[in-house]
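>>> Based on what follows, work out the 3D shape:
(one chain, ligands or ions: 2)
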Amino acid sequence: MAIKLYNFLPKKVEEFNPINAKSVGMYTCGPTVYDYVHIGNWRTFVFEDVLKRVLRFNDFDVTHVMNITDIDDKIIKKAADEGVDYKKITEKFEEAFFDDFEKLNIESEEDAPREVRRETNMFEQYPRATESIDAMIVLIQKLLEKGVAYKGDDGIYFSVEKFPNYGKLSGLSKGNLKKGARVNADLYDKESWADFALWKFPSSPKASGGQVKKEPSWPAPFGEGRPGWHIECSAMSMKALGETFDIHAGGVDLLFPHHENEIAQSEAATGKKFVNYWMEGEHLLVEGEKMSKSLNNIYTLADISEKGFDTLALRYLFLTAHYRSKLNFTWESLQGAGNALNNLREEVASWNEVEKEAWEGLPDFEKDFKNAINNDLDMPRAVAVMWDMVKSDNPTVRKHESILVMDKVLGLGLERIKKAELPEGAKELIEKREAVRKTGDFEESDNMRGELAKMGVEVEDTPQGPKWKVKQR
Ligand code: AMP
Ligand code: ZN
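Ligands and ions are numbered 1, 2, ... in the order given. Okay, here's the model as predicted:
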């Protein structure tokens with residue numbers, strides 16, 4: 001069963017065919033570690049996690065690389081404002097970022113425990129920009145030699161006019177090019193083209209608290225300085241995955257200029273196609289608005305937990321929208337997702353334990369589920385299929401097998417759910433209630449149902465006898 005993915009270049013759904021039959025190389029743009037990652041960023045990181053899980057579900061070996069941007073304008077500004085070394089900032093927020101993986105059940109790509117990786121700087125799957133400067137210098141050198149890059153007063157620039165295919169991803173036309181315009185900032189105008197900085201020479205040292213602070217810089221044959229933001233992704237992705245690789249993903253705001261610039265730099269340097277499938281996840285809105293400091297609506301996972309919500313409810317909420325649709329976050333929608341997740345947990349906990357050898361899952365539901373995820377990651381449909389399966393009238397041991405199969409992609413941590421144990425006295429009360437019910441004393445049996453509810457036990461009367469569920473959490 002083939003996987004179909006929407007490819008932003010050429011903007012249509014295509015059958016996914018990796019370069020190597022059984023393995024996939026995938027690069028995703030990582031966080032800029034100057035602050036806590038917000039739930040909008042997490043929507044994109046969860047989308048990429050789901051993408052990877054879908055590929056693995058289809059038996060591909062996936063090599064996933066994601067960069068850590070630990071040097072850029074925002075980091076330098078924050079370090080200068082606080083009068084500290086920039087590493088003090090990046091180390092703190094990089095650590096916070098990885099801590100949050102578990103809270104959303106995002107699969108980590110590193111084998112070694114994080115403490116070990118930190119001590120040995122073993123960040124192969126999550127390379128840091130500052131540890132990949134050599135590869136960036138080589139790439140910039142190549143672009144200079146080919147004449148597509150030039151030296152300006154304050155840095156090395158990529159000349160967009162020299163790359164005929166510039167604009168192919170974003171669809172912006174050459175008419176948007178401001179002749180001779182140059183940008184030095186990592187983030188710039190979304191509408192117009194300009195030559196962009198590959199390398200920035202240090203600006204004049206700034207005084208901070210009586211001390212003169214020099215910007216971080218590295219030696220290079222074309223002049224000491226630091227990399228621009230875009231060059232790091234080209235250098236790190238090609239170093240890890242080769243000059244042409246399968247999938248590049250990120251949030252849709254990165255389409256222009258970031259991904260456009262990555263294509264230009266990489267293809268101008270190698271003369272080869274850079275990426276075969278471009279995937280861009282849509283944004284998360286908060287109460288209908290863009291997340292921004294001025295609206296005070298930027299939430300982190302810590303905010304979610306502080307308000308008493310389960311962070312996996314956020315993952316569930318993300319799964320209810322297609323990755324190419326905007327998703328509007330409200331606290332009510334998070335509450336709804338949390339309730340649905342708890343219902344699911346209770347349902348699973350009420351099922352019999354699986355006897356692995358003796359039972360198989362439910363192939364028809366699993367097939368529908370796979371059809372949904374392989375149809376450009378149609379997770380809302382996949383979640384609906386999962387619920388149809390859960391609610392179906394099949395032996396619970398088989399349902400249990402199937403839910404674990406589906407959860408490999410959903411990532412809701414359902415394998416951790418153990419069959420619920422009844423609290424003390426509940427079993428006797430359920431039996432007593434059943435006897436009372438048989439005498440037709442429904443008032444008394446309702447009272448007993450109330451008593452059980454107080455113990456966290458929900459009883460449902462079925463033709464096969466009473467069925468119970470224990471409230472999760
Ligand atoms: P940044 O650290 O700003 O480079 O962002 C990290 C990732 O989050 C990128 O892939 C962005 O495209 C993505 N992103 C930023 N804002 C949002 C948002 N509101 N919703 C979804 N993804 C976002
Ligand atoms: Zn990037």
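>>> drop to CA atoms for contacts and neighbour counts, all remaining ones
OK.
>>> didn't residue 260 look like it was pressed against residue 169?
Yes - contact criterion Cα atoms under 8 Å: residue 260 and residue 169 qualify, at 6.0 Å.
>>> Please identify every residue contacting each of the two.
Common neighbours of residue 260 and residue 169, using Cα atoms under 8 Å, 6 or more residues apart in numbering, do not exist here.
>>> Show me which residues of the chain are close to ligand 2?
For the chain, the residues in contact with ligand 2 (Cα under 5 Å from the ion) are 29, 233.
>>> any weak-confidence spans in the chain?
Applying pLDDT under 70 to the chain picks out residues 111-123, 173-182, 184-192, 204-213, 352-358, 472-473.
>>> Just want the residue of it that's nearest ligand 2.
Closest residue of the chain to ligand 2, Cα to the ion: residue 29 (4.0 Å).
>>> Residue 233 is in contact with that residue, correct?
Yes - here residue 29 reaches residue 233: they are 7.1 Å apart, a contact under Cα under 8 Å.
>>> which neighbours do the two share?
With Cα under 8 Å, 6+ apart as the test, residue 29 and residue 233 both reach residue 67.
>>> the more surrounded of those two?
When residue 29 and residue 233 are compared for neighbours, residue 233 comes out ahead with 26 against 23, by other Cα atoms under 10 Å.
>>> other SSEs contacting the helix or strand encompassing that one?
Residue 233 is part of helix 229-241, with elements assigned from DSSP states H and E. In terms of contacts (3 or more Cα pairs under 8 Å, 6 or more residues apart in numbering; DSSP states H and E), helix 229-241 is packed against strand 23-28, helix 133-145, strand 193-200, helix 260-270.
>>> let's go with 10 Å and repeat that
strand 23-28, strand 61-66, helix 133-145, strand 193-200, strand 245-251, helix 260-270 (3 or more Cα pairs under 10 Å, 6 or more residues apart in numbering; DSSP states H and E).
>>> how far out from the middle of the chain is stretch 67-80?
Put simply, stretch 67-80 sits 21 Å off its chain's centre (Cα atoms, centre = their mean, to the nearest Å).
>>> Equivalent analysis for stretch 326-335, please.
17 Å.
>>> that older thread, anything in the helix holding residue 233 sitting right up against ligand 1?
No - using Cα under 6 Å from any ligand atom, helix 229-241 never reaches ligand 1; the gap is at least 9.6 Å.
>>> Tell me who's in contact with residue 44.
Listed by Cα atoms under 10 Å, 6 or more residues apart in numbering, the contact set of residue 44 reads 28-30, 50, 249-252, 280-284, 318, 323.
>>> filter these by proximity to ligand 1?
Answer for the contacts of residue 44 near ligand 1 (Cα under 6 Å from any ligand atom): 29, 30, 250, 251, 252, 282, 283, 284.
>>> Nearest to residue 159 among those?
residue 29 (23.2 Å; Cα to Cα).
>>> From residue 329, how far off is that closest one?
As defined by Cα to Cα, to the nearest Å, residue 29 lies at a distance of 23 Å from residue 329.
>>> what's the residue nearest to residue 69 when sequence neighbours are not counted in contact with, if anything?
Spatial nearest neighbour of residue 69, chain neighbours left out: residue 32 (4.5 Å); criterion: Cα to Cα, 6 or more residues apart in numbering. Shown in contact with residue 32 (Cα under 10 Å, 6+ apart): 67-72, 74-75, 90, 93-94, 129, 229.
>>> Report the two of those residues separated the most.
Maximum distance among those (Cα to Cα): 17.9 Å, for 93 and 229.
>>> The two: who's more crowded?
Per other Cα under 10 Å, whichever of residue 93 and residue 229 has more neighbours is residue 229, with 25 against 20.
>>> I'd guessed that one sits against residue 31; true?
No - Residue 229 is not in contact with residue 31 according to Cα atoms under 10 Å; the separation is 11.6 Å.
>>> Quick check: neighbours shared by these two?
Joint contacts of residue 229 and residue 31 (Cα under 10 Å, 6+ apart) are 69, 70.
>>> Which positions within the helix or strand where residue 385 lies qualify as buried?
For residue 385, the element it lies in under DSSP H and E is helix 379-391. Across helix 379-391, burial judged by 16 or more other Cα atoms under 10 Å covers 379, 380, 381, 382, 383, 385, 386, 389, 390.
>>> what would these look like in CSV with distance to residue 265?
Below are the buried residues of helix 379-391 laid out as CSV (distance: Cα to Cα, whole Å):
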residue, distance to residue 265
379, 34
380, 37
381, 38
382, 38
383, 40
385, 43
386, 43
389, 48
390, 49
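>>> of the residues you listed, closest to residue 196?
Using Cα to Cα, these come closest to residue 196 at residue 379, 37.3 Å.
>>> Around ligand 1, which positions in this protein sit nearby?
Checking the chain against ligand 1 by Cα under 6 Å from any ligand atom, the hits are 29-32, 40-41, 43-44, 250-254, 282-285, 291.
>>> Relative to ligand 1, how far out is residue 149?
Per Cα to the nearest ligand atom, to the nearest Å, residue 149 is found 24 Å from ligand 1.
>>> what helices or strands is the next helix or strand after the helix holding residue 385 leaning on?
Note on helix 379-391: by DSSP H and E, the next helix or strand toward the C-terminus is helix 396-410. Contacts defined by 3+ Cα pairs under 10 Å, 6+ apart place helix 396-410 against helix 39-57, helix 311-319, helix 331-349, helix 363-374, helix 379-391.
>>> in the fourth one, what's buried?
When burial is assessed from 16+ other Cα under 10 Å, helix 363-374 yields the following buried residues: 365, 366, 369, 370, 371, 372, 373, 374.
>>> Give me the contact list for it.
Contacts of helix 363-374 (Cα under 10 Å, 6+ apart): 1-5, 15-16, 50-51, 53-55, 57-58, 375, 377-390, 392, 398-399, 402-403, 405-406, 409-410.
>>> what distance separates it from the centre of its chain?
For helix 363-374, the distance to the chain centre is 23 Å (Cα atoms, centre = their mean).
>>> Return the angle between stretch directions for it and helix 396-410.
10 degrees (axes from the mean of the first three to the mean of the last three Cα atoms, to 10 degrees).
>>> With the shortest one instead?
Compare the direction of helix 311-319 with that of helix 396-410 by the same axes, to 10 degrees and you get 80 degrees.
>>> and helix 311-319, what other elements does it pack with?
Helix 311-319 sits against helix 39-57, helix 86-103, helix 301-306, strand 327-329, helix 331-349, helix 379-391, helix 396-410, with contacts defined as 3+ Cα pairs under 10 Å, 6+ apart.
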